[in-house]
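Enquirer: Task: produce atomic coordinates for the following.
(one chain, ligands or ions: 2)
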Amino acid sequence: MTAQVIDGNALSRQLRAEVATRAAALTARGVKPGLAVILVGDNPASQVYVRNKVKACEEAGLHSVLEKYDATMTEAELLARVEALNNDPAIHGILVQLPLPAHLDDHKVIEAISPTKDVDGFHVASAGALMVGEPGFKACTPYGCMKMLESIGMGNLRGKHAVVIGRSNIVGKPMAMMLLQANATVTVCHSGTADLAFHTRQADVVVAAVGKRNVLTADMVKPGAVVIDVGMNRNDEGKLCGDVDYEGVKDVAGWITPVPGGVGPMTITMLLVSTVEAAERGLSAA
Ligand SMILES: Nc1nc2c(c(=O)[nH]1)N[C@@H](CN(C=O)c1ccc(C(=O)N[C@@H](CCC(=O)O)C(=O)O)cc1)CN2
Ligand SMILES: [Mg+2]
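Expert: Ligands and ions are numbered 1, 2, ... in the order given. Sure, this is the predicted structure:
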């Protein structure tokens, strides 16, 4: 079997066109959706991601503001910027690019963002809303993975077993909750799991989100399973690769996401979706 590829670039193009239509409708009503992106420090990967976020906003007709600060910025200064953006009516979504420099407390900074503008979905209020099935912003990477599943007719996972590898607050845990909301039976595996392959071999859907190459190899996958790769690593040649041994797993899986061109672009797409939604919510509350 050769797996079918779930193309994150193609799906993103389609969803971003829908975002552009919604943004144009809002703009015509006098509300241009606005995203503020805060970057502290000079992490080279983060610089690329924030640039891509701003570019994606421009292309979809959203207003965006990129605030770049030196790595020496104090926590008090950062919290003051977040507070100013919370009170800025032209801004509907705020995100603080992670990772932050070590002297800044990620949790404290994220909690300072108004939950009404938390388009990254990282605030405890957003995570709690997801947990209890209430409306709220969803973390963009797992949200993008769910859209990828929907795109292949697997939006409802009743009777299916999903295995998530990784338990981070920004991917693994919200991913598990979203799969549960979609009626899957969910297993979360992590560094303390005794026999990872035992679990993954039973899975109809595997999401690998560890940040380690070759965490999932062909012998660990049930034939025909859907494999979603959230990892971003470098191989020995310095080439970008995921957590999944793509070349081996593609001969066993039914569907697979590539790296690059899979989950990554969907992360930015879902950020745009949530920003437009934030602006729409504001309008309907007015
Ligand atoms: N505040 C946030 N910080 C971080 C998030 C986040 O969602 N919010 N996620 C990641 C980084 N990230 C977005 O911020 C991100 C990572 C990767 C991609 C992407 O498109 N990757 C491409 C490859 C890019 C390359 O060549 O290097 C792909 O997979 O095709 C987009 C966004 C951590 N921080
Ligand atoms: Mg920190």
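
Enquirer: For the rest of this, base every contact and every neighbour count on C-alpha atoms.
Expert: Noted.

Enquirer: So which residues on the stretch 51-200 of the chain come close to ligand 2?
Expert: Residues of the stretch 51-200 of the chain that fall close to ligand 2, judged by Cα under 5 Å from the ion: 102, 104-105.

Enquirer: Which PyMOL command selects the buried ones in these?
Expert: Selection of buried members from these for PyMOL, criterion 16 or more other Cα atoms under 10 Å:
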select buried, resi 104
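
Enquirer: Just send the residues of the stretch 51-200 of the chain next to ligand 2 back as a markdown table, with distance to Leu272, secondary structure and pLDDT too.
Expert: As requested, these are exported to a markdown table (distance: Cα to Cα, whole Å; DSSP: H, G, I helix; E, B strand; the rest coil; pLDDT from 0 to 100):
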| residue | distance to Leu272 | secondary structure | pLDDT |
| --- | --- | --- | --- |
| Ala102 | 28 | coil | 97 |
| Leu104 | 26 | coil | 98 |
| Asp105 | 26 | coil | 98 |
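
Enquirer: Nearest residue to Leu180 in space, please, no chain neighbours.
Expert: Nearest in space to Leu180, with sequence neighbours left out and distances taken as Cα to Cα, 6 or more residues apart in numbering, is Val186 at 6.3 Å.

Enquirer: quick check, the one you found in a strand?
Expert: Yes: per DSSP: H, G, I helix; E, B strand; the rest coil, Val186 lies within a strand segment.

Enquirer: Please look at it and Arg158 and confirm they touch.
Expert: No: counting by Cα atoms under 8 Å, Arg158 is not a contact partner of Val186; they are 10.8 Å apart.

Enquirer: Up against ligand 1, what does the stretch 1-150 of the chain have?
Expert: Listed as neighbours of ligand 1 in the stretch 1-150 of the chain under the rule Cα under 6 Å from any ligand atom: 49, 95-98, 120, 140-141.

Enquirer: Of those, which is the most crowded?
Expert: Ranked by neighbour count (other Cα atoms under 10 Å), those have Cys140 at the top, with 28 neighbours.

Enquirer: For Ala71, see how far away it is.
Expert: 25 Å (Cα to Cα, to the nearest Å).

Enquirer: repeat for Ala28
Expert: From Ala28 to Ala71 the distance is 39 Å (Cα to Cα).

Enquirer: what number of residues lie near Ala20?
Expert: 20.

Enquirer: Okay, helices next: where are they in the stretch 101-250 of the chain?
Expert: Taking DSSP state H, counting those that start in this stretch, the helices of the stretch 101-250 of the chain run over residues 106-112, 124-132, 140-151, 172-181, 196-200, 246-249.

Enquirer: For the ones you listed, give me TSV that also has mean pLDDT.
Expert: As requested, these are arranged in TSV below (pLDDT from 0 to 100):
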stretch	mean pLDDT
helix 106-112	98
helix 124-132	98
helix 140-151	98
helix 172-181	98
helix 196-200	98
helix 246-249	98
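
Enquirer: Make TSV out of the ones you listed and add distance to Thr257.
Expert: Rendered in TSV, the data for the helices of the stretch 101-250 of the chain read as follows (distance: least, Cα to Cα, whole Å):
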stretch	distance to Thr257
helix 106-112	30
helix 124-132	24
helix 140-151	9
helix 172-181	16
helix 196-200	16
helix 246-249	9
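
Enquirer: which helix in this protein runs the most residues?
Expert: For the chain, the longest helix by residue count, based on DSSP state H, is helix 263-285.

Enquirer: Is any residue of that helix near ligand 1?
Expert: Yes: judged by Cα under 6 Å from any ligand atom, helix 263-285 comes into contact with ligand 1 at 263-265, 267-268.

Enquirer: What separation do you get for the most centrally placed residue in the chain and Gly8?
Expert: Residue closest to the mean C-alpha point of the chain, counted by Cα atoms, centre = their mean, is Thr141 at 1.5 Å. As judged by Cα to Cα, Thr141 and Gly8 stand 12 Å apart.

Enquirer: cool, Leu196 as well?
Expert: Leu196 is 27 Å from Gly8, by Cα to Cα.

Enquirer: circling back to that earlier point, which two among the residues of the stretch 1-150 of the chain next to ligand 1 are spaced furthest apart?
Expert: Val96 and Thr141 (15.1 Å; Cα to Cα).

Enquirer: ok so, going back, tell me which of Leu196 and Gly8 has more neighbours.
Expert: Under the criterion of other Cα under 10 Å, the comparison of Leu196 against Gly8 puts Gly8 first, with 25 against 18.

Enquirer: Thank you, goodbye.
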